[in-house]
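Peer 1: Would you be able to build a 3D model of this:
(one chain, ligands or ions: 2)
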Amino acid sequence: MVTSAPKTGPAPFAAAKAKVLGCDRCGTCLPACPLFQVQDVERASARGKNALVRGLAEGLIPPDREAQEALEFCLLCRACTDACPGKVPTDEAMVQVRQALADTLGSTPLRSRWIGRVLRRRRLVGLGAATLAGLRVAELHRLLPPQLVPRETSRRAYLKKHAGPALLGASAPRPEPAVHPGAKVAYFQGCGMKMLFPDASRSTQRILAQLSPFQQPDHPCCGLPHLAHGQREAFLDLARENIQAFEDADLVVTDCASCSGSLKHLTSWFAEDPIWRGPAERFSAKVMDLTEYLVAAGYQPQRLPDATFTYHDPCHLARGQGIRQQPRQLLKQAGKLIELAEKERCCGGSGSFHLEHPEAAAAILQRKQANIEGTGAQVVVTACPGCLIQLTRAADQSEGAFQAMHISQVI
Ligand code: SF4
Ligand code: SF4
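Peer 2: Numbering: from 1, shown residues only. Ligands and ions are numbered 1, 2, ... in the order given. Below you'll find the model as predicted:
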């Protein structure tokens, strides 16, 4: 995830160039990059993108649509940074260079702009969620492409299939929360969970309620889609709104890895802002991913002896926040966990990437699907609605070999 604030101005590409200066073009990142694996061209890789950044900063490459298109072709998955001997933060450079290109060219691609506008308006997100809920009730959502309306598997259907009717409605044990006893917990319901995975979101709320009373303040998008597509001002506006909306909470828990990843890093974006720096620091310090919170609070999942899971690590959770052990601990308590080959390899979702680049996203997903099928697990579990969109698609394509579910639905 991005860890430092961008600088733009007379040399708009200077900040991005500073990030990639450590790249010595060794190529260690090439086999790690999921995009280089599906498009064997240099510009798909981190090394190629870093060279483009330098070219832009040194005036050797014009800041045009072609450059913008090449630099939008990145999942921001951070696999390159993990593999890189010098830990060059290519994903951070991509966010900064996209912003600089948007500042220079005056706009971001049309679809990203449109998505950004919708997600800025709480009423539109609420309307979208209500419309999709209506379509699901009428079974009309199947007429829409699964990339737009994923086929969510409900917890009720999962329990029916894997545990038998005796366990329906049974509640998990309620230990005393170990995290800040008496802390005021608030649920941050991201746009993806609200609109696309309402059953999973209800499961999260059911679990939170078992641990302690929680608030659900009205709040906007976390702003990550805006940040990823050169809409920094919109991101900052949303961040300020979120800081205010959660002022009264001691802990802000979210079940979206992308939301927790971006909200935990708000501080850096306000580092030079004397008014918002303090509130942003306080806000980021109280953000927790759901699994992080549940393990710290001593939550004991209900165990289903015949359930077999495999787990896909969301990039923003594993590499972005170092949260790998907590979801596994919960899943091992809930059933049998079978590790997935290439478990941290991006699924190809990455926000709107799967809409912008459907062929590349599908090719990446194909490998993920084969790996999931190779485990023989009944359910592939993840902790991010962005990944769940892709994994539900893989489940559809697998024709019943497995289901895809959010972790809150199986624990
Ligand atoms: S962030 Fe991911 S997609 Fe982008 S260059 Fe690095 S490895 Fe490739
Ligand atoms: S990003 Fe890192 S791994 Fe990739 S070419 Fe540059 S120095 Fe090597």
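
Peer 1: OK, contacts around the residue of the stretch 101-250 of the chain found nearest ligand 2?
Peer 2: As assessed by CB to the nearest ligand atom, ligand 2 sits closest to residue 228 within the stretch 101-250 of the chain, at 19.4 Å. (Each C-beta comes from the backbone N, C-alpha and C, glycine too.) By CB atoms under 8 Å, 6 or more residues apart in numbering, the contact set of residue 228 is 76, 95, 98, 112, 351.

Peer 1: go on, residue 13?
Peer 2: With contacts defined as CB under 8 Å, 6+ apart, the neighbours of residue 13 are 53, 56, 57, 63, 97, 100.

Peer 1: and the host helix or strand of the first one, what's its mean pLDDT?
Peer 2: For residue 53, the host element (DSSP states H and E) is helix 46-57. Along helix 46-57, the predicted confidence averages to a pLDDT of 95.

Peer 1: With stretch 356-365 instead?
Peer 2: What stretch 356-365 shows for mean pLDDT is 92.

Peer 1: cool, and stretch 385-400?
Peer 2: Averaging pLDDT along stretch 385-400 gives 94.

Peer 1: next one: stretch 121-130
Peer 2: If you average the pLDDT over stretch 121-130, you get 72.

Peer 1: and it, which residues are buried?
Peer 2: Residues of stretch 121-130 classed as buried under the neighbour-count rule (16 or more other CB atoms under 10 Å) are 125, 128, 129.

Peer 1: nearest spatial neighbour of the second one, skipping sequence neighbours?
Peer 2: Right, the one you point to is residue 128. Spatial nearest neighbour of residue 128, excluding adjacent residues (CB to CB, 6 or more residues apart in numbering): residue 195 at 5.0 Å.

Peer 1: Can I take it that the one you found is in a helix?
Peer 2: Yes - under DSSP: H, G, I helix; E, B strand; the rest coil, residue 195 falls within a helix.

Peer 1: That one touches residue 130, doesn't it?
Peer 2: No - in this structure, residue 195 is not within contact of residue 130 by CB atoms under 8 Å, at 9.3 Å.

Peer 1: ok, so of the contacts of residue 13, who is nearest residue 47?
Peer 2: Comparing the contacts of residue 13 against residue 47 with CB to CB places residue 53 closest, at 10.9 Å.

Peer 1: check contacts around the closest one.
Peer 2: 13, 16, 17, 19, 20, 71, 93, 97.

Peer 1: how close does it sit to residue 210?
Peer 2: 48 Å (CB to CB, to the nearest Å).

Peer 1: and if you look at residue 307?
Peer 2: Residue 307 is 19 Å from residue 210, by CB to CB.

Peer 1: Give me the more crowded residue out of these two.
Peer 2: residue 307 (21 against 17; other CB atoms under 10 Å).

Peer 1: okay, the more buried one: pLDDT?
Peer 2: 91.

Peer 1: what's the answer for the one 3 residues further on, then?
Peer 2: Confidence at residue 310, expressed as pLDDT, is 98.

Peer 1: so who does it touch?
Peer 2: Contacts of residue 310 by CB under 8 Å, 6+ apart are 337, 338, 339, 340, 372, 375, 377, 379, 380, 381, 402.

Peer 1: The residue nearest to residue 79 when sequence neighbours are not counted: how many residues sit nearby?
Peer 2: Excluding its sequence neighbours, the residue lying closest to residue 79 (CB to CB, 6+ apart) is residue 32, at 4.5 Å. With neighbours defined by other CB under 10 Å, the count for residue 32 comes to 19.

Peer 1: The helix or strand encompassing residue 69 close to ligand 1?
Peer 2: Using DSSP H and E, residue 69 sits within helix 65-72. No - judged by CB under 6 Å from any ligand atom, helix 65-72 stays clear of ligand 1, getting no closer than 9.7 Å.
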